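Chemist: Need the 3D shape of this:
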Amino acid sequence: MEAKEQLVVGVNAYRTPEPPVTVMRVDPALEAAQVRRVQAFRSRRSSTAARQAVDAVREAAKGTENLMPRILDAVKAEATLGEISDAMRDVFGEYRETVVV
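Modeler: Purely as a prediction, here's the structure:
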């Protein structure tokens with residue numbers, strides 16, 4: 001391929017320049033405001049009901065039960081997306097891409 005005896009589009013022929021990688025930066029003031037909103041939300045809700053609903057999601061995830069009714073109950077109990085996601089991560093784990101060089 002390096003001698004271009006065999007052309008492979010995108011590898012050794014007709015390559016386009018790499019687009020620049022742009023990294024999104026979150027304004028620290030916006031981040032602090034969101035943290036305050038979540039803290040206020042959590043202080044207004046029933047912590048016991050939210051914890052029980054998230055625990056029910058975790059237990060359902062361990063078995064073969066349909067998770068949607070449990071997730072909806074957790075949302076109605078005002079559990080946050082992060083709390084629900086953490087419960088499922090506890091059971092299912094988190095995908096980590098294997099880097100091949």
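Chemist: got the contact list for stretch 94-101?
Modeler: The contact list for stretch 94-101 (CB atoms under 8 Å, 6 or more residues apart in numbering) is empty. Yep, even glycine has a C-beta here, placed from its N, CA and C like the rest.
Chemist: Could you give the average pLDDT over that stretch?
Modeler: In this model, stretch 94-101 carries a mean pLDDT of 87.
Chemist: So what's the gap between it and the chain middle?
Modeler: Remark: stretch 94-101 is offset 16 Å from the chain centroid, using CA atoms, centre = their mean, to the nearest Å.
Chemist: likewise stretch 4-23?
Modeler: 31 Å.
Chemist: what about that stretch, start to end distance?
Modeler: With CA to CA, to the nearest Å as the measure, stretch 4-23 spans 35 Å from end to end.
Chemist: looking only at pLDDT, what's the mean for that stretch?
Modeler: 78.
Chemist: buried sites along that stretch?
Modeler: For stretch 4-23, burial by neighbour count (16 or more other CB atoms under 10 Å) applies to no residue.
Chemist: Helix, strand or coil: sort out Pro17 for me.
Modeler: Under DSSP: H, G, I helix; E, B strand; the rest coil, the three-state class of Pro17 is coil.
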